[in-house]
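Engineer: One predicted model, sequence on top.
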Amino acid sequence: MLPGLPPTRRRLRAVRHQLRRRRRLIAAALAAAATLVALRTVAPPPAATVEVLVAARDLPSGILLDEDDLVVRAFPADLAPPGAATAALGRVLAAPISRGEVVTDVRVVGPGLALAQPGETVLPVRLPDAGMASLLRAGDEVDLVATDPGTGASTVVAHDVTVLATPTDAPDGPAGGSGGALVVVGASAAEAIDISSAALSQFLTVSWDR
């Protein structure tokens, strides 16, 4: 109550005061809305993403990938690695990968595996001992040793070639028996010639460090 003023004038002053307060609140709300609209207008659109498969944990080479090994993650489309595998379940891992690493075609046994060995030749090598071949895993680096069946002399025909696929990677299981087993390796062009020549008349075996 304001002393000295008639009741009607006091009521009018109170109404005007309330209207001024409401105008200020409305003006502040409109200003905030205008600022938000301006920010949304100038802000860049969200980056496009693609879904990729990443390792759920550290994975060794040679394992058959299942649902417990992989998780789906959204990656910015311009940052996703080329050849990111979208259907890796049931495929064999060709090289070890770390937790959170994107699974790409060059990390699993298949046609894209040759891309992991740029400048190298991918070739099959028949090992007479199927049991030895079954000990190998994709990703192993081995020396190929040729043994002359007549003299028993052995020579190393290729050093540190990479095993790309083994008999256990084949859909039908190990290939063995009296014919031995095929192992797919990546080697230089010169080594590929030496390996192929030695395989014509000698037995090939492997040696490697575990």
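Structural biologist: Structure's in. What do you need? Since this is a predicted model, take the numbers as computed values, not measurements. Numbering: from 1, shown residues only.

Engineer: Please, where are all the helices along the protein?
Structural biologist: 7-42, 130-135, 189-201 (DSSP state H).

Engineer: list the buried ones in the second one?
Structural biologist: Pointing back at helix 130-135 there. Ala130, Ala133, Ser134 (16 or more other CB atoms under 10 Å). Quick note: C-beta positions are derived from backbone N, CA and C, even for glycine.

Engineer: so the last one makes contact with Thr166?
Structural biologist: Think Ser134. Yes: shown here, Ser134 and Thr166 form a contact pair, counting by CB atoms under 8 Å, at 7.3 Å.

Engineer: any idea of the mean pLDDT for stretch 26-40?
Structural biologist: Averaging pLDDT along stretch 26-40 yields 69.

Engineer: which residues are contacting the longest strand seen in the chain?
Structural biologist: For the chain, the longest strand by residue count, based on DSSP state E, is strand 154-165. The set of residues external to strand 154-165 that reach it, using CB atoms under 8 Å, 6 or more residues apart in numbering, is 92, 94, 109, 113-114, 116-117, 120, 122, 136-148, 183-187, 191, 194-195, 198, 204.

Engineer: Give me the buried positions along it.
Structural biologist: In strand 154-165, counting by 16+ other CB under 10 Å, buried: Val157, Ala158, Val161, Thr162, Val163, Leu164, Ala165.

Engineer: Pick out the lowest-pLDDT one from those.
Structural biologist: For the buried residues of strand 154-165, the least confident entry is Ala165, with 76.

Engineer: middle-most residue in this structure, spatially?
Structural biologist: Centroid-nearest residue in the chain, with CA atoms, centre = their mean: Val103, separated by 1.7 Å.

Engineer: State the pLDDT value of it.
Structural biologist: At Val103, pLDDT is 83.

Engineer: wait, it sits on Val92?
Structural biologist: No: look at Val103 against Val92 with CB under 8 Å: they stay out of range, at 11.8 Å.

Engineer: quick one: Glu101 from Val54, how far?
Structural biologist: Going from Glu101 to Val54 by CB to CB, to the nearest Å gives 6 Å.

Engineer: neighbour-wise, which of the two wins?
Structural biologist: More neighbours surround Val54 than the other of Glu101 and Val54, with 17 against 14 (other CB atoms under 10 Å).

Engineer: So what's the residue count around the closest residue to Leu59 other than its chain neighbours?
Structural biologist: Of all residues not flanking Leu59 in the chain, Ile97 sits nearest, at 5.4 Å (CB to CB, 6 or more residues apart in numbering). By the measure other CB under 10 Å, the count of residues near Ile97 is 21.
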